[in-house]
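*Asks:* Sharing a model prediction with you, sequence too.
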Amino acid sequence: MFIQFKNETKSLLQSAVKAAGYGTEDTYLEESSYADISSSIALKLAPQYKKPPANIAKEILQKIQIPAKSYVGRVEVQGAYINFYVNRRFLNQTISSISEEREEYGSLPKKNKRAILEHTSVNPTGPLHVGRGRNPIIGDTLARVLRCAGYDVDVQYYVNDMGRQIATIVWGYDNIDPNILPKLERDKSDHDVVRYYRKSTEAASNPEVESAIMQLLGEYESDNPIVIRKFKKVVERCIEGQKQTLERINISFDKYIWESQFVRDGTVNKVVERLKKTKYARIKDGALVLDLTHFGLEKDFVLTRLDGTTLYTTRDIAYHVWKFDNADIVINVLGEDQKLAMDQLKCALKILGLGRLPQIVFYSFVSLPEGKMSTRKGTTVDLDDLLDEALERAYIEVHKRRPELLEDEKRRISEIVGMGAVRFDIIKVAPEKMMTFRWEDALDFEKQGAPFIQYSHARACSILNKAKLKKFNPNMLVEPQEIELIRKMAMFPNVVDVVAHDLKPHILATYARELAETFNQFYRFVPVLKAEGDLRDARLALVNCARIVLENTLNLLGIEAPKSM
RNA sequence: GUCCCAGUAGGGUAGUGGACAUCCUUUAGGCUUGCGGAGCCUAAGACCCGGGUUCAAAUCCCGGCUGGGACACCA
């Protein structure tokens, strides 16, 4: 609804500006705490026309003609600003849209565009850890939002199965006696894999072991079927464990794309051959490189080693070419350490004449107070441990508040609250901001975190449990807290649009918190069940709307909306 | 050393040219004979430093300082 309102104010303003004799493209409309939408256009025109901005604003205002069927209620000038306010029709329409569309409310029209969104894609060397823990959560939230915004989304995990690290693990399974490994801390396959990874990395300092590992890698690339089977087994074991972890926080993938597929089907070679023929290619110390100084990159992009084998980023070019064959837009969620590689990759795509480039969401790593996490060194906080601790902590809270509940019910709610708290805690911060992991902070379910939003939803459900929804008259809703709530709910589709466009998932978290806050203020000041007649029916309908929008918002965040907690 | 990103109340965080800088936490005080107090209200407290551009800078530019990342024939 807000999107229509915004478009309407835009065209109203454009024609009024023209009628008042001014010329400008932009309408400088923005959301404002002073009005539903506000324009600072007079300030922009002032220097050009050498008139006081307030006068210009008044002149424009006089030319604004609000049409009969409009969502604009009134327009006012305050100082240099032109402020637009919604009308009753807007509010009523919002309520009826939500009531009718229900779980579809917020979904934007189908765009008929395919999107491939790649996220997580960590090396399959061990369990997921908190250091890169933002990746799946950012990725999954964006996937949900993009679907809601009308894209056909295919979510992919790019499996780095050709790395020397995997060869190291394969060597480990072949040569290390399991009895000398540290005890398996958790009965999960990825935790088993990482024991071998750490131990065989130590062993690899021995040159004989090192060359055995390199030989394995060579045989994997040259299609030795026995070696392929071994690699596959190791990688699948690891991925299976990671999958189990991510399922706990509602994250799954449509496809797992193995890096080796592009080597085996020859597309990597084709890409290299094509790049080799371009003017950017040259041989440096026997290796094929791209000179990207033309694109402002100092560093040569090394495509192949001396022995002709390809490197990780080279193979990634082939993957991206394939992605663009299968999608209209391509989005990657990656750690900030990939920035240079992605710049190089983008240049290669330009050189290949693709015409399209991936959009990349970079996030900063979560570090520990004493430094960064490393799987190899074993200085990680595993996501599994964080989720377990969050669950424990949630259980304590639930038990404190609802001691009378059955044990199963307490555990079920703890799960919903604990997993939601973790997701929200991570998604609420802008991806480029750095985070330091501290147990006390991570498990401190801050007041306006996920439980706050879930609680608002549970309250709404509780009211609705005690009464029946009937036909209602939206004109009954006139209290300031009621109007505020409707206006906030009207923003939801716009939030979906903005998050999908800017790829900024934390904005959704901010919205969720504001929506819950607005509902709580309504709840505190406006009686529903104690109201009578038409007023009661209208307020019940409003509570139902709030319940719907809270649930839809939580769904996009991958967080469950409990009916009670 | 060079390049990229970040720096906002005691801690965390939103805002990326415009109207009193958002919210949580903290501290102090208040609210329930209201539908679930995991709630609501009030107050205290911040734009890293120094220049510049602009009618207007937390926001843009230059130079510092601090933290993270990159600078591989690793992935």
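*Replies:* Happy to help now that I have it.
*Asks:* Backbone torsions only: list them for residue A:70.
*Replies:* phi -130, psi 160 (degrees, to the nearest 10).
*Asks:* Tell me how many other residues surround it.
*Replies:* 16 (other Cβ atoms under 10 Å). For the C-beta atoms, the positions are set from N, CA and C on the backbone; glycine is no exception.
*Asks:* contacting residues around it?
*Replies:* A:8, A:87, A:89 (Cβ atoms under 8 Å, 6 or more residues apart in numbering).
*Asks:* could you redo these as CSV and give each row secondary structure, neighbour count and distance to RNA strand B?
*Replies:* Below are those laid out as CSV (DSSP: H, G, I helix; E, B strand; the rest coil; neighbours: other Cβ atoms under 10 Å; distance: Cβ to the nearest atom of the strand, whole Å):
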residue, secondary structure, neighbour count, distance to RNA strand B
A:8, helix, 19, 18
A:87, coil, 16, 18
A:89, helix, 14, 23
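*Asks:* and which of these is nearest residue A:129?
*Replies:* For the contacts of residue A:70, the residue nearest residue A:129 by Cβ to Cβ is residue A:8; the value is 48.9 Å.
*Asks:* surely the closest one meets residue A:69?
*Replies:* No. If you go by Cβ atoms under 8 Å, residue A:8 and residue A:69 don't touch, sitting 10.0 Å apart.
*Asks:* all helices in the stretch 101-250 of chain A, in order from the N-terminus.
*Replies:* A:134-148, A:164-175, A:189-203, A:207-221, A:225-248 (DSSP state H, counting those that start in this stretch).
*Asks:* for the second one, the distance to its chain's centre please.
*Replies:* Centroid displacement of helix A:164-175 relative to its chain, using Cα atoms, centre = their mean, to the nearest Å, is 34 Å.
*Asks:* who's in contact with it?
*Replies:* A:123-125, A:160, A:193, A:196-197, A:199-201, A:203-204, A:209, A:212-214, A:216-217, A:220, A:227, A:230-231, A:234-235.
*Asks:* report the angle between the axes of that helix and helix A:207-221?
*Replies:* Angle, helix A:164-175 to helix A:207-221, by axes from the mean of the first three to the mean of the last three Cα atoms, to 10 degrees: 110 degrees.
*Asks:* List the buried residues for helix A:164-175?
*Replies:* By neighbour count, and taking 16 or more other Cβ atoms under 10 Å as the criterion, the buried residues in helix A:164-175 are A:165, A:166, A:167, A:168, A:169, A:170, A:171, A:172, A:173.
*Asks:* Restricting to these, which residues neighbour RNA strand B?
*Replies:* Restricting those to those near RNA strand B by Cβ under 7 Å from any atom of the strand leaves residue A:165.
*Asks:* Dump the buried residues of helix A:164-175 into JSON lines; add pLDDT as well.
*Replies:* Output for those, formatted as JSON lines (pLDDT from 0 to 100):
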{"residue": "A:165", "pLDDT": "93"}
{"residue": "A:166", "pLDDT": "95"}
{"residue": "A:167", "pLDDT": "95"}
{"residue": "A:168", "pLDDT": "95"}
{"residue": "A:169", "pLDDT": "96"}
{"residue": "A:170", "pLDDT": "96"}
{"residue": "A:171", "pLDDT": "96"}
{"residue": "A:172", "pLDDT": "96"}
{"residue": "A:173", "pLDDT": "96"}
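*Asks:* So which of the buried residues of helix A:164-175 is the closest to RNA strand B?
*Replies:* Nearest to RNA strand B among those is residue A:165, at 6.1 Å by Cβ to the nearest atom of the strand.
*Asks:* The stretch 401-550 of chain A: strands as residue ranges?
*Replies:* Secondary structure of the stretch 401-550 of chain A (DSSP state E, counting those that start in this stretch): strands at A:435-436.
*Asks:* where's residue A:367, which helix or strand?
*Replies:* Per DSSP states H and E: residue A:367 is located in strand A:366-367.
*Asks:* tell me the pLDDT at residue A:24?
*Replies:* You'll see residue A:24 listed with a pLDDT of 80.
*Asks:* How about the contacts made by it?
*Replies:* Residue A:24 neighbours (Cβ under 8 Å, 6+ apart): A:17, A:41, A:44, A:45.
*Asks:* Tell me if I'm right that the second one and residue A:17 touch.
*Replies:* Yes. Under the criterion of Cβ under 8 Å, residue A:41 is in contact with residue A:17, at a separation of 6.6 Å.
*Asks:* Report the set of residues contacting both of those two.
*Replies:* A:24, A:27, A:60.
*Asks:* Assign the second one to helix, strand or coil.
*Replies:* Read it as residue A:27. Classification of residue A:27 using DSSP: H, G, I helix; E, B strand; the rest coil returns coil.
*Asks:* Give me the spatial nearest neighbour of it, chain neighbours excluded.
*Replies:* Leaving aside its sequence neighbours, residue A:27 sits nearest to residue A:13 (Cβ to Cβ, 6 or more residues apart in numbering; 4.8 Å).
*Asks:* Relative to residue A:327, how far out is that neighbour?
*Replies:* Distance of residue A:13 to residue A:327, computed by Cβ to Cβ, to the nearest Å: 37 Å.
*Asks:* more neighbours, these two?
*Replies:* Between residue A:13 and residue A:327, residue A:13 has the larger neighbour count (other Cβ under 10 Å), namely 24 against 21.
*Asks:* dump the residue contacts of that one.
*Replies:* Residue A:13 makes contact with A:27, A:29, A:39, A:41, A:60, A:64, A:82, according to Cβ under 8 Å, 6+ apart.
*Asks:* Mind pulling the model confidence for it?
*Replies:* The model reports residue A:13 with a pLDDT of 95.
*Asks:* Is it within a helix or a strand, and which one?
*Replies:* With DSSP H and E as criterion, residue A:13 is part of helix A:2-19.
*Asks:* most neighbours, which of the contacts of residue A:13?
*Replies:* Ranking those using other Cβ under 10 Å puts residue A:82 first, with 30 neighbours.
*Asks:* What's the local residue count around residue A:343?
*Replies:* Neighbours around residue A:343, by other Cβ under 10 Å: 17.
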